[in-house]
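Q: just the structure for this:
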Amino acid sequence: MKFKIDATTPCSSARAGEITTDHGVIPTPIFMPVGTVGSVKGVHMRELREDIDAKIILGNTYHLYLRPGLDVIRGAGGLHKFNSWNRPILTDSGGFQVFSLSSNRKLKEEGAYFRSHINGSKHLFTPEGVVDIQRTIGSDIMMALDECPPGTSDFSYARKSLDLTHRWLKRGWQRYQETEGLYGYSQAYFPIVQGCVYPELRKESAKFISDLGADGNAIGGLAVGEPTEKMYEMIEVVNEILPADRPRYLMGVGTPANILEAIDRGVDMMDCVMPTRNGRNGMLFTSNGIMNMRNKKWADDYSELDPDGTAWVDHEYSKAYVRHLFVSQELLAMQIASIHNLAFYLHLVKEARKHIVAGDFASWKKEMVERVTRRL
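A: Residues are numbered from 1 along each chain as shown. Here you go, the predicted model:
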């Protein structure tokens, strides 16, 4: 994997860059749609490519390991062939999913023991095993196994958690260096900065990870209960230390405003389930703010979903029609909303890139944050 910076901008840490993988080039900053089980819910691969123009999507190690299972994926020749996606894929290590199973998991030195949410079967994720699983999945970017502590953790717990994450990282990094991909293309491996909301721990973790010299680095353990301003503070603390010549990936964040603020602080890659999950529940993000499509006010509004934007891919659908679909509980409503939101997120980061290159990102971002946070 290669990364180059094409432009920076005054009065901001934002940068425009380019990640090159064996499955394609990714312009940054980039938003990555989440395809947990190898699919982005309700969206065809053709729509992801042609309508949304997603450059990279995510898969999840935990979910794909449990179902369909590694034998099926390897038999297909890796996830790219299994799900018919010929562009880059990033896989999360499953650490966050194990974290979310707090009542069904135990963390030990050897790894994370957990029970499947599907049938209750027992499993163990080790740092080495998670590398092996992601080798079988065949993602272009693999993530290290970490523990994601709650945002409200006290310092003592955060300290112990970080130490465990770093010990796991050493083992995972060694396994990555000792192994090769199975399908004839290269795979990168990103370590993850942890440390909860404690600057001294975040700095220590960022330094520890920087010293590995990985192809890219991730910032984890944010947007898990801590105040938004604290999240922004931790991003700034970490990005002062993470190497500038490697991509920085902020995991699991967030709203359009969160994304713009993260880009402003030097983040290159982001992902979140919000555009699809909130879309399925009737929330649409637009260039002028946020709409609840079940509201009566849209019942006879025949204008486009985002008339002041580019109308993305849904210029043929009016607010009134989409509201009708949601009120009628039609499946098409969820599909339209998911495609619209993903297209908006991808358009937003493309516009951010344009303004970074043009040198006026700071003023544009200030205006856009105010616009995208309105409730319409």
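
Q: let me know whether residue 282 touches residue 294 as I believe.
A: Yes: under the contact definition of C-beta atoms under 8 Å, residue 282 touches residue 294, with a separation of 4.9 Å. C-beta here means a position set from N, CA and C on the backbone, and glycine is covered the same way.

Q: what's the overlap in contacts for these two?
A: Counting by C-beta atoms under 8 Å, 6 or more residues apart in numbering, the residues touching both residue 282 and residue 294 are residue 326.

Q: who has more neighbours out of those two?
A: For residue 282 versus residue 294, neighbours defined as other C-beta atoms under 10 Å are more numerous around residue 282 (19 against 14).

Q: so who does the more buried one touch?
A: Taking C-beta under 8 Å, 6+ apart as the test, what residue 282 contacts is 292, 293, 294, 326, 333, 337.

Q: kindly report the same for residue 58.
A: Residue 58 makes contact with 32, 33, 34, 35, 36, 89, 90, 91, 92, 271 under the criterion C-beta under 8 Å, 6+ apart.

Q: narrow these to those in strands?
A: Judged by DSSP state E, those include 32, 89, 90, 91, 92, 271 as members of strands.

Q: how deep is the second one tucked in, by neighbour count?
A: The reference is to residue 89. Counted with other C-beta under 10 Å, residues neighbouring residue 89 total 26.

Q: then residue 67?
A: Look at residue 67: counted by other C-beta under 10 Å, it has 12 neighbours.

Q: wait, it touches residue 118, no?
A: Yes: counting by C-beta under 8 Å, residue 67 sits close enough to residue 118 to count as a contact (6.4 Å).

Q: stretch 234-248: which residues count as buried?
A: Within stretch 234-248, the residues that count as buried by 16 or more other C-beta atoms under 10 Å are 234, 235, 237, 238, 239, 241, 242, 243, 246, 247, 248.

Q: let me know the closest of the residues you listed to residue 85.
A: Closest approach between those and residue 85, by C-beta to C-beta: residue 247, at 20.1 Å.

Q: my read: that closest one touches residue 216, true?
A: Yes: Residue 247 is within contact range of residue 216, at 4.2 Å (criterion: C-beta under 8 Å).

Q: any idea which helix or strand carries residue 368?
A: helix 361-372 (DSSP states H and E).

Q: likewise for residue 337?
A: Assigned by DSSP H and E, residue 337 belongs to helix 331-358.

Q: list phi and psi for residue 122.
A: For residue 122, the backbone dihedrals (degrees, to the nearest 10) come out as phi -90, psi 140.

Q: circling back: pull up the overlap in contacts between residue 247 and residue 216.
A: Residues touching both residue 247 and residue 216 (C-beta under 8 Å, 6+ apart) are 3, 19, 269.

Q: now for residue 155, how many residues are close by?
A: The local packing of residue 155 (other C-beta under 10 Å) involves 12 other residues.

Q: distance of it relative to residue 43?
A: According to C-beta to C-beta, to the nearest Å, residue 155 and residue 43 sit 42 Å apart.

Q: quick one: buried residues of the lowest-mean-pLDDT helix or strand in the chain?
A: Among the helical and strand segments of the chain, the one scoring lowest on mean pLDDT, DSSP states H and E is helix 95-100, with a mean of 75. Across helix 95-100, burial judged by 16+ other C-beta under 10 Å covers 95, 96, 97, 98, 99.

Q: which strand or helix spans the residue nearest to the third one when sequence neighbours are not counted?
A: What it means is residue 97. Distances taken as C-beta to C-beta, 6 or more residues apart in numbering put residue 62 closest to residue 97, at 3.9 Å, once the chain neighbours are dropped. Following DSSP H and E, one finds residue 62 within helix 61-66.

Q: quick check: mean pLDDT of the helix or strand following that helix?
A: Using DSSP H and E, the helix or strand that directly follows helix 61-66 along the chain is helix 70-76. For helix 70-76, mean pLDDT is 98.

Q: rewinding a little: how about the ones in strands among the contacts of residue 58 in a markdown table, adding distance to residue 172?
A: As requested, the ones in strands among the contacts of residue 58 are exported to a markdown table (distance: C-beta to C-beta, whole Å):
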| residue | distance to residue 172 |
| --- | --- |
| 32 | 21 |
| 89 | 19 |
| 90 | 16 |
| 91 | 13 |
| 92 | 13 |
| 271 | 20 |
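
Q: could you list the low-pLDDT ranges of the stretch 251-376 of the chain?
A: The model of the stretch 251-376 of the chain has pLDDT under 70 over residues 309-315.

Q: where do the helices sit along the stretch 151-300 of the chain?
A: For the stretch 151-300 of the chain, the helices defined by DSSP state H, counting those that start in this stretch cover 155-178, 199-210, 228-239, 256-264, 274-280.

Q: of those helices, which is nearest residue 348?
A: Comparison of the helices of the stretch 151-300 of the chain against residue 348 by C-beta to C-beta identifies helix 256-264 as nearest, at 5.8 Å.

Q: rewinding a little: let me have the contacts of residue 58 in JSON lines, extended by distance to residue 345.
A: Shown next, in JSON lines, are the contacts of residue 58 (distance: C-beta to C-beta, whole Å):
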{"residue": "32", "distance to residue 345": "9"}
{"residue": "33", "distance to residue 345": "8"}
{"residue": "34", "distance to residue 345": "11"}
{"residue": "35", "distance to residue 345": "14"}
{"residue": "36", "distance to residue 345": "17"}
{"residue": "89", "distance to residue 345": "18"}
{"residue": "90", "distance to residue 345": "16"}
{"residue": "91", "distance to residue 345": "20"}
{"residue": "92", "distance to residue 345": "18"}
{"residue": "271", "distance to residue 345": "10"}
